[in-house]
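Peer 1: Predicted model, plus sequence, below.
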Amino acid sequence: MQIFVKGLNGKTISIWAKELDTIGSVKAKINALNGIPPDDQCLTYGGRGMIDDRTLKDSGITNEATLHLSLRLRSCKKCPGHT
């Protein structure tokens, strides 16, 4: 099936996936297309956050659905100079 992923920049990308693919595998495909590491991605669908180990089918995602991509905020503790 074809699903769409809309980023914060307003651009939408198209991804081909199977209904038994996981959200984590979709994040890997997004990484391959635009270089955003899966751990930095936050996907939502229908206002709900998606869980990496759930399948598209279990998440209620169907053909031509649009997921929304945002970036996960990193902890300030990881910033240089902070303790």
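Peer 2: Looks like it arrived, so ask away. Numbering: from 1, shown residues only.
Peer 1: which residues does the spatially closest residue to Met1 that is not a sequence neighbour contact?
Peer 2: Using CB to CB, 6 or more residues apart in numbering and skipping the chain neighbours, the partner closest in space to Met1 is Asn63 (4.0 Å). Backbone N, C-alpha and C define where each C-beta goes, glycine included. Asn63 is in contact with 1-3, counting by CB atoms under 8 Å, 6 or more residues apart in numbering.
Peer 1: Select from those the one having the most neighbours.
Peer 2: Of all the contacts of Asn63, Ile3 has the most neighbours under the rule other CB atoms under 10 Å, reaching 21 neighbours.
Peer 1: Run through the bridge partners of that residue.
Peer 2: For Ile3, the beta-bridge partners are Ile15 (DSSP bridges).
Peer 1: correct me, but it touches His68?
Peer 2: No - using CB atoms under 8 Å as the test, Ile3 is too far from His68 to be in contact (11.6 Å).
Peer 1: Now the common contact residues for the two.
Peer 2: Both Ile3 and His68 lack any common contacting residue under the criterion CB under 8 Å, 6+ apart.
Peer 1: Report pLDDT for Gly46.
Peer 2: If you check Gly46, the pLDDT there is 95.
Peer 1: oh, I was asking about Leu71
Peer 2: Looking at Leu71, its pLDDT is 92.
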